[in-house]
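K.L.:
Build the 3D model from these lines:
(one chain, ligands or ions: 1)
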Amino acid sequence: MRKLNLRQLILLLSVSTAVLILANTFYTSHKTQRDLLIAQTLEANQAYASKMANSIEDFLSAAQQQLAFAAQDVLLAGNNLEKLGHIANRLNEQTDSFNSVFIVDTSGVVIAASPEAVGLFGKVVMSEGAEQALRERIPLVSKPYVSVTGRLLVFISQPIIDAQDNYLGFIGGSIYLHEKSILYSLLGRHYHANDAYIYAVDSGGRIIYHQDAERIGEVIVGNPVIEKVVKQQTGSQYLLNSHGIEMLAGYAPVPSTNWGVVTQRSLEATLSGMDQQMLAVAKYSFPFFIFIVWLVWLVSRWISKPLWQLARSAEELDEPDINTQISSISVWYFEASQLKRAMLRGLAGLNKKMGKLNLENITDPLTGLINRRGMQIALDEWERQEQPFSVIVADIDHFKRINDEFGHDVGDRVLQTLAQHMQAASRPDDLVCRSGGEEFVILLPQTETAVAHRVAERLRKRIAESICPNVNRPVTLSLGVASWPCGSASIAQVLKNADIALYAAKDAGRNQVQASQTACE
Ligand SMILES: Nc1nc2c(ncn2[C@@H]2O[C@H](COP(=O)(O)OP(=O)(O)OP(=O)(O)O)[C@@H](O)[C@H]2O)c(=O)[nH]1
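P.N.:
Take a look at the predicted model:
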């Protein structure tokens, strides 16, 4: 797999950093917003349920007071049916508290009714509310029940008791749960839009008010909120409603009747505005996202620049100016500076070793002169540079005899001594080489044949007059001289010409210099 380079890595790093930051911003903002909306809705629903429960409580208390007040009037009216009818009518029509009002005597006979249309005047009421009122003779709010007229209702009653504490019957008002009633007036004001609604239950979990009238009278089982509110608890919580919809509910009890009020709103409606908010967050975050990418990219580039430059230099270690190149890299922090120093140190060590290796490679171990390989490298370079030069090829005369007579070690000493003479007789720019065996080559740059000939002659003379250690007679050299470029001769040809001249010197009796006859004619 292709490896990423540092810049690509940085780009990847900066984009992923920015994406992570953005994702985190989104996630945090979404979660915070969601939690806040849910908490606010739960709190608002609980507050509204409490307010509605208080309103019902106030209404029930006021209704009882109205009935108690009317009960006093009933005592004053005595058996005057007209006055009793008037009291019932006034109570029914002057307040919104009841859908119908009845005055009932101790035997359960309706002695006044409003509106008259209910048609119960003069009849014995057999409803649950009436029977309970006659039986218990205390102020009451009944459970919801179906009346003789077939209506689901709640009956509120007040006993009629004279000054002598005689029970004379009761006065009571009905609230029709399926029709427009005080409960509608109290609870129906709730804002029903956006899936929010309110309902009320009695102590047995039976719905006594709901925006969906068809549900009134239904007993709800298994709803955690209703279970709590009928136990007189106040609170709020998340739940699934009867349709499986996620709801946020607040609940509060009506203590005097053990009723409960529940206000709830669907989770979906609660969170519906969030998409818009998230879009707004995205819109406002985008320039920041770009800025972060740009900033991270810039900082990362700044940090990585020296490393990147050092890595580039590491690929070009064979370049001649690599040392200068690495030295010029500006490193501004510790790790890069250490790396740069290590590279320069490594390079210096490498160069030293390479130089040593190269030197060993091109040096003749016996004499310390340049060997044939080194000589060839120099000749190739001079040919490339078109450097004119002369060549002296020198061969020891009868060297075999020296070896045979004095031994190989003495022969080696002779070779070393002659090498020293050749080095001493040469200029610094000349290259003295041992081309093999007992044959030497001296390369003389920028030197004409005549000059080279003189140098060769001087060398011959010097050696012929010197004494070699452990050899009791003079050692002599035969030398051939040639030059380049002469005509269009190749370097190989020039060396051959020098060899030919050397053989000529040998043939002519040795211990002499011969210049190539083919040179520079
Ligand atoms: N001691 C020693 N002898 C060497 C070395 N290299 C070559 N020789 C000897 O040099 C001698 C060269 O002998 P020849 O080629 O016959 O030439 P020569 O005896 O010098 O005779 P001419 O060149 O004809 O004057 C051989 O005996 C080689 O063994 C070396 O490194 N050390």
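
K.L.:
Could I get the full set of helices for this structure?
P.N.:
With DSSP state H as the criterion, the chain has helices at 6-77, 81-94, 128-136, 182-187, 224-229, 267-271, 274-315, 322-327, 334-361, 372-385, 399-406, 408-425, 449-465, 491-507.

K.L.:
residue contacts, the residue of the chain found nearest the ligand?
P.N.:
The nearest approach of the chain to the ligand comes at G411, 2.5 Å away (CB to the nearest ligand atom). Using the backbone N, CA and C atoms, a C-beta is placed for each residue, glycine as well. With contacts defined as CB atoms under 8 Å, 6 or more residues apart in numbering, the neighbours of G411 are F399, I402, N403.

K.L.:
what residues are up against the second one?
P.N.:
If I follow you right, that is I402. By CB under 8 Å, 6+ apart, I402 lies in contact with I396, V410, G411, V414, V471, V475.

K.L.:
ditto for the first one
P.N.:
Residues in contact with F399, defined by CB under 8 Å, 6+ apart, are G411, V414, E438.

K.L.:
Tell me the pLDDT of the first one.
P.N.:
Per-residue pLDDT puts G411 at 94.

K.L.:
hang on, the earlier thing: tabulate the contacts of F399 in a markdown table, adding columns for distance to T95.
P.N.:
Below are these laid out as a markdown table (distance: CB to CB, whole Å):
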| residue | distance to T95 |
| --- | --- |
| G411 | 147 |
| V414 | 148 |
| E438 | 146 |
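
K.L.:
Sketch out the low-pLDDT regions of the stretch 201-350 of the chain for me.
P.N.:
Counting by pLDDT under 70, the stretch 201-350 of the chain shows no low-confidence range.

K.L.:
how does the chain divide into domains?
P.N.:
78-174, 372-515 (automatic domain parsing).

K.L.:
Tell me which of these lies nearest to S304.
P.N.:
Set against S304 and scored by CB to CB, the domains of the chain come closest in domain 372-515, at 41.1 Å.

K.L.:
Give me the subset of the contacts of G411 that also touch the ligand.
P.N.:
Subset of the contacts of G411 in contact with the ligand: F399, N403, counting by CB under 6 Å from any ligand atom.

K.L.:
Can you tell me which of the contacts of G411 is closest to A456?
P.N.:
Set against A456, the nearest of the contacts of G411 by CB to CB is F399 (18.0 Å).

K.L.:
State the distance from that closest one to L298.
P.N.:
Here the criterion is CB to CB, to the nearest Å. By it, F399 lies 75 Å from L298.

K.L.:
Repeat that for Q493.
P.N.:
Q493 is 65 Å from L298, where distance means CB to CB.

K.L.:
out of the two, which sits in the more crowded spot?
P.N.:
Comparing Q493 with L298 by other CB atoms under 10 Å, the one with more neighbours is Q493, at 16 against 12.

K.L.:
Identify the residues contacting R7.
P.N.:
Contact analysis of R7 by CB under 8 Å, 6+ apart lists R301, S304, W308.

K.L.:
let's go with 7 Å and repeat that
P.N.:
By CB atoms under 7 Å, 6 or more residues apart in numbering, the residues touching R7 are W308.

K.L.:
Low-confidence regions, this protein specifically.
P.N.:
1-2, 189-195, 357, 487-488, 519-521.

K.L.:
For it, what lies in contact range of the ligand?
P.N.:
Checking the chain against the ligand by CB under 6 Å from any ligand atom, the hits are 366, 395-400, 403, 408, 411-412, 415, 437-438, 506.

K.L.:
What subset of these is buried?
P.N.:
Among the residues of the chain next to the ligand, those classed as buried by 16 or more other CB atoms under 10 Å are D395, I396, D397, F399, N403, G411, L415, E438.

K.L.:
wait, A336 sits on K305?
P.N.:
No - with contact defined as CB atoms under 7 Å, A336 does not reach K305; the gap is 8.8 Å.

K.L.:
Looking only at neighbour counts, state which of the two leads.
P.N.:
Higher neighbour count among A336 and K305: A336, with 20 against 17, using other CB under 10 Å.

K.L.:
Any chance you could list what contacts stretch 505-518?
P.N.:
By CB under 7 Å, 6+ apart, the residues outside stretch 505-518 that reach it are 397, 449, 453, 456-457, 460, 464, 476-482, 497-498, 500-502, 504.

K.L.:
That should have said stretch 439-450, apologies.
P.N.:
Applying CB under 7 Å, 6+ apart, the contact partners of stretch 439-450 are 375, 378, 382, 387-395, 422, 426, 429-435, 452, 455, 481, 483, 515, 519-520.

K.L.:
list the buried ones in that stretch?
P.N.:
Using 16+ other CB under 10 Å as the test for burial, stretch 439-450 gives E439, F440, V441, I442, L443, L444, T447, T449.

K.L.:
okay if I get the residues you listed as a markdown table plus distance to A62?
P.N.:
Shown next, in a markdown table, are the buried residues of stretch 439-450 (distance: CB to CB, whole Å):
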| residue | distance to A62 |
| --- | --- |
| E439 | 139 |
| F440 | 137 |
| V441 | 134 |
| I442 | 136 |
| L443 | 131 |
| L444 | 135 |
| T447 | 136 |
| T449 | 142 |
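
K.L.:
neighbours of S285, just the number please.
P.N.:
16.

K.L.:
need the contact list for it.
P.N.:
Counting by CB under 7 Å, 6+ apart, S285 has contacts L22, T25.

K.L.:
Would you check how far apart it and V118 are?
P.N.:
67 Å.

K.L.:
One more: A419?
P.N.:
From A419 over to V118 (counting by CB to CB), the distance is 147 Å.

K.L.:
do V410 as well
P.N.:
Distance of V410 to V118, given as CB to CB: 156 Å.

K.L.:
Compare neighbour counts for the two and give me the winner.
P.N.:
Neighbours per residue, other CB under 10 Å: of V410 and V118, the larger number sits with V118, 19 against 16.

K.L.:
you'd agree L495 is up against F389?
P.N.:
No - using CB under 7 Å, L495 makes no contact with F389, being 11.2 Å away.

K.L.:
Please export the C-alpha coordinates of stretch 284-299 as PDB.
P.N.:
The C-alpha trace of stretch 284-299 is given here as PDB (Å, rounded to 0.1, in the frame of the first residue of the first chain):
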ATOM      1  CA  TYR A 284     -23.100  29.500  11.900                       C
ATOM      2  CA  SER A 285     -20.600  26.700  12.500                       C
ATOM      3  CA  PHE A 286     -19.500  26.300   8.900                       C
ATOM      4  CA  PRO A 287     -17.200  29.300   8.700                       C
ATOM      5  CA  PHE A 288     -15.700  28.200  12.000                       C
ATOM      6  CA  PHE A 289     -15.200  24.700  10.500                       C
ATOM      7  CA  ILE A 290     -13.300  26.200   7.600                       C
ATOM      8  CA  PHE A 291     -11.300  28.400   9.900                       C
ATOM      9  CA  ILE A 292     -10.300  25.400  12.100                       C
ATOM     10  CA  VAL A 293      -9.200  23.400   9.000                       C
ATOM     11  CA  TRP A 294      -7.200  26.300   7.800                       C
ATOM     12  CA  LEU A 295      -5.700  26.900  11.300                       C
ATOM     13  CA  VAL A 296      -4.800  23.300  12.000                       C
ATOM     14  CA  TRP A 297      -3.400  23.000   8.500                       C
ATOM     15  CA  LEU A 298      -1.200  26.000   9.000                       C
ATOM     16  CA  VAL A 299       0.000  25.000  12.400                       C
END
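
K.L.:
Any buried residues in that stretch, and which?
P.N.:
S285, F289, I292, V293, V296, W297.

K.L.:
if I pick the fifth one, what's in contact with it?
P.N.:
With contacts defined as CB under 7 Å, 6+ apart, V296 is in contact with L13, S14, T17, A18.
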